[in-house]
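Novice: Test case, fold it:
(chains A and B)
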Amino acid sequence: MKHSDTDSEDGLEWTYDASQEVGMTRREKLREYYQEYLYKPALVAWSDWRTRIGYAIVGLYLAIALIAQFNLYRPPEANQEMPMLQAFQEGSAILGSNTIGQDILSLMIHATPEMLIMIVSGAVFAIVIAVLVGTFAGFKGGRVDSALMFAADVGMSIPGLPLVLVLTSTLRPTNPAVIGIIITINYWAGLSRAIRAQTLSIRENSYVEASRVMGVSTPRIMFKDIIPNLMPYITVNFVNACRAVIFFSVGLYYLGFLPYTNANWGVVLNNAYTQGAILGGSYVWLMAPIVMIMLLSLGLILIAQGMDRVFNPRVRTRLAGESESVEGDAEEDDVDTFGGAM
Amino acid sequence: MVNYYIKRTGQMVVTLYAVVTIAFALVRFLPGGPATALRAQLMQEDVPSEVIAQRIELYLSVNPDAPLLDQYISYMSNIFLEGSLGKSVFIQRQTPVTEILAEALPWTLFIVISSIILFHIMAVVIGALMAYWEGSLFDTVNSAIAIVFTSIPFYVLAIVLVWILGYEMSLFPVGNRYGDAIEPGLSVTYILDVIYHGALPIASMVITQYGVRALSFRGNSIQILGEDFVRVARLRGLSDSRIALWYVGRNAILPLYTGFLLSLGWLLGGTVILEEIFNYPGIGLKFIEALEVRDYPVIMGVFIMITVALVVGIYVADLTYGKIDPRIETGDQSEAF
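Specialist: Residues are numbered from 1 along each chain as shown, chains lettered A, B, ... in the order given. As a prediction, this is how the structure comes out:
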């Protein structure tokens, strides 16, 4: 790409170029953002079988949630079928029914939307807090850093499950978004430490120093210079946080310490386990929620594992071959991606 | 170096203090929380109103009518100076919580520590083999298996194990620490029976936890296998086993080490669900029993104890890390900006 078709003076050309850089319209910025952060990663992500399967699985759950949301499949009700039907016995209830005659397939489908809301709200909450605390502490350093990291240490020292159990059993939240946030109430702590560590290495880069010398404000440096570099790491951890919410929330519903809703995989699991699915030989009743949980969790793991490769420039080059995504590698080389470690 | 130990110890004490303060806040300020709930319960039992505050103090070490600062001081001194966590209200009336926990804790620790040791061994062995045969069928199959196992929540696997091995095939017991007929003592049959009863809970933790660590150990090893010092070691003609153990293994195991102690707290928290499923009487089951009847002193006792375990775990991890990795002499870099 050549910008200098008309001007001949070297000095003039330089200033001309610079002014054009600054004068980038919002649309161009958006397009660049789209190219760099959505299109190219998506392209590389799609070439990895892991992410492809992962996306397909998550897409399937979104579709199920839409089916439930628009009531395309009947909601679960007592006595809609004969009680304790086996799977594939009756055409109207493919997966059979439970002791009070609810269609198990319908229970599975109608649990999905709430579950997805819970997962997204919890993961977004955890990631936003972790990123803000981590980057701010890492960038500011000194006392701010010590104070924030002390808070993170305390947060990390509190065991998640017992704390969440104490909170949910006294507060009795019913809104799925609130439940999600309570579940990840101290998830941010460990993550913010890791993000701080990465921020420490990024802030040594010359462009961050340049911004500081130019007097650019702290929030602007955080959002323009530091966080974009952390996006890969943040994305992978977002997916991991999603999985943590699934594990915890289903566990809490299983234990019965969240207000009873009819349709949740954990509730179905508990009912099946305690109301004799095992002894009554109704295996599908027990297996259905297990498959729902495992498949979603598997989809998320595959995305995280694949993403890890996508954002790791060395692997990405190998994957993408000679494709256009290779060109940006030199700049991205300093972004460290942790392995799939939790 | 000594300075670092002192600083880190101080930090641990402050963390402990902060965590117990949070516990106090939960007892005192949570809407509908311990103090409020206990008052309501006592009023239902027709306890005269002037006695209620005394009773609450007996159970929770907090007198709700005293000034807030006094409450805080008495709560903290009860825990730190006297080592008292209050008394159980319902599940074992008037029994000190510490007594209840001391009886249950060894069993939980048995499950948790055996799980941690087993899944780390599995992770290192399988991860190392995967790295050694990178790209082979063994590597691919084991990576896939590890991913699938990781996607199962441990309690779901626990339910499946109870169902298949416990009820369907009757191979393993579903509940209790040891058989009724066996006399507790240091006999071989007793120890074997304890292991037999703990086998399923341990298995469900190990199978669902080893995968992530095996994959990360594999990643670390592959990365280190490509380092220059490994190539130089090969050129020097050192034996394969020496390279594998001292050059690759030692470096690859470091990231696992911190996870080793951190997983202690995570698993202690996890036993809350695990022991409920296996009906295994450890502190997790006590926690659930207490939650069901809202026996807050026991709830807070378990909560504080698991937290302390986690704080100490992180502390030990930090202190010993320097011993294992000589590159990290002090662990505190000054990052003033």
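Novice: so how far is stretch B:285-302 from its chain's centroid?
Specialist: 17 Å (C-alpha atoms, centre = their mean, to the nearest Å).
Novice: Correction: the previous question concerned stretch B:270-288.
Specialist: On C-alpha atoms, centre = their mean, the centre of stretch B:270-288 falls 13 Å from that of its chain.
Novice: how long is it end to end?
Specialist: One end of stretch B:270-288 sits 12 Å from the other (C-alpha to C-alpha, to the nearest Å).
Novice: which residues in chain B form helices?
Specialist: B:2-29, B:34-44, B:49-60, B:68-80, B:97-132, B:137-150, B:154-161, B:188-225, B:228-235, B:240-242, B:250-278, B:283-293, B:296-324 (DSSP state H).
Novice: The last one to helix B:49-60, inter-axis angle?
Specialist: In this case it means helix B:296-324. 30 degrees (axes from the mean of the first three to the mean of the last three C-alpha atoms, to 10 degrees).
Novice: anything in helix B:296-324 near chain A?
Specialist: Yes. Applying C-beta under 8 Å from any C-beta of the partner chain, one finds that helix B:296-324 is in contact with chain A at B:299-300, B:302-303, B:306-307, B:310-311, B:314. Where you see a C-beta, it was placed from the backbone N, CA and C, and this is true even at glycine.
Novice: just so I know, which of the helices of chain B lies nearest A:Phe88?
Specialist: Of all the helices of chain B, it is helix B:154-161 that lies closest to A:Phe88, at 21.1 Å by C-beta to C-beta.
Novice: gap between the two ends of stretch A:149-168?
Specialist: Stretch A:149-168 end-to-end distance (C-alpha to C-alpha) = 26 Å.
Novice: For it, buried residues please.
Specialist: For stretch A:149-168, the neighbour count (16 or more other C-beta atoms under 10 Å in any protein chain shown) marks A:149, A:151-168 as buried.
Novice: For the residue of the stretch 101-250 of chain A found nearest chain B, what are phi and psi?
Specialist: Minimum separation of the stretch 101-250 of chain A from chain B (C-beta to the nearest C-beta) falls at A:Gly141, amounting to 3.3 Å. With angles defined as degrees, to the nearest 10, A:Gly141 sits at phi 70, psi -170.
Novice: try A:Ala93
Specialist: Main-chain torsions, A:Ala93, degrees, to the nearest 10: phi -130, psi 90.
Novice: With chain B as the reference, measure out to it.
Specialist: 22 Å (C-beta to the nearest C-beta, to the nearest Å).
Novice: that older thread, so which of the buried residues of stretch A:149-168 also contact chain B?
Specialist: Among the buried residues of stretch A:149-168, the ones lying near chain B by C-beta under 8 Å from any C-beta are A:153-154, A:156-163, A:165-167.
Novice: Make JSON lines out of those residues and add pLDDT and secondary structure.
Specialist: Converted to JSON lines, those look like this (pLDDT from 0 to 100; DSSP: H, G, I helix; E, B strand; the rest coil):
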{"residue": "A:Asp153", "pLDDT": "83", "secondary structure": "helix"}
{"residue": "A:Val154", "pLDDT": "85", "secondary structure": "helix"}
{"residue": "A:Met156", "pLDDT": "81", "secondary structure": "helix"}
{"residue": "A:Ser157", "pLDDT": "80", "secondary structure": "helix"}
{"residue": "A:Ile158", "pLDDT": "82", "secondary structure": "coil"}
{"residue": "A:Pro159", "pLDDT": "80", "secondary structure": "coil"}
{"residue": "A:Gly160", "pLDDT": "80", "secondary structure": "helix"}
{"residue": "A:Leu161", "pLDDT": "84", "secondary structure": "helix"}
{"residue": "A:Pro162", "pLDDT": "86", "secondary structure": "helix"}
{"residue": "A:Leu163", "pLDDT": "87", "secondary structure": "helix"}
{"residue": "A:Leu165", "pLDDT": "86", "secondary structure": "helix"}
{"residue": "A:Val166", "pLDDT": "84", "secondary structure": "helix"}
{"residue": "A:Leu167", "pLDDT": "86", "secondary structure": "helix"}
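Novice: Can you confirm whether the helix or strand hosting A:Gly306 lies near chain B?
Specialist: Assignment of secondary structure by DSSP states H and E places A:Gly306 within helix A:283-311. Yes. Residues of helix A:283-311 contacting chain B under C-beta under 8 Å from any C-beta: A:286, A:290, A:293-294, A:297-298, A:300-302, A:305.
Novice: Run the angle between that helix and helix B:154-161 for me.
Specialist: Interaxial angle, helix A:283-311 versus helix B:154-161 (the same axes, to 10 degrees): 140 degrees.
Novice: angle of helix A:283-311 against helix B:137-150?
Specialist: Going by the same axes, to 10 degrees, helix A:283-311 makes 120 degrees with helix B:137-150.
Novice: got the angle between helix A:283-311 and helix B:188-225?
Specialist: 30 degrees.
Novice: If we ignore the residues flanking it in sequence, what's nearest B:Glu113?
Specialist: Quick fix: residue B:113 reads Ile, not Glu. Spatially, and ignoring its direct neighbours in sequence, B:Ile113 is nearest to B:Leu264 (7.8 Å; C-beta to C-beta, 6 or more residues apart in numbering or on different chains).
Novice: The one you found: neighbour count?
Specialist: By other C-beta atoms under 10 Å in any protein chain shown, the residues close to B:Leu264 number 22.
Novice: for the one 5 residues further on, same thing?
Specialist: A total of 26 residues lie near B:Gly269 under the criterion other C-beta under 10 Å.
Novice: quick one, what contacts it?
Specialist: Counting by C-beta atoms under 8 Å, 6 or more residues apart in numbering or on different chains, B:Gly269 makes contact with A:159-162, B:306.
Novice: again, but for B:Gln41
Specialist: By C-beta under 8 Å, 6+ apart, the contact list for B:Gln41 reads B:89, B:294.
Novice: confidence score at it?
Specialist: You'll see B:Gln41 listed with a pLDDT of 75.
Novice: same deal with A:Asp5?
Specialist: For A:Asp5, the model assigns a pLDDT of 46.
Novice: of the residues of helix A:283-311 next to chain B, closest to A:Pro173?
Specialist: A:Ile293 (20.7 Å).
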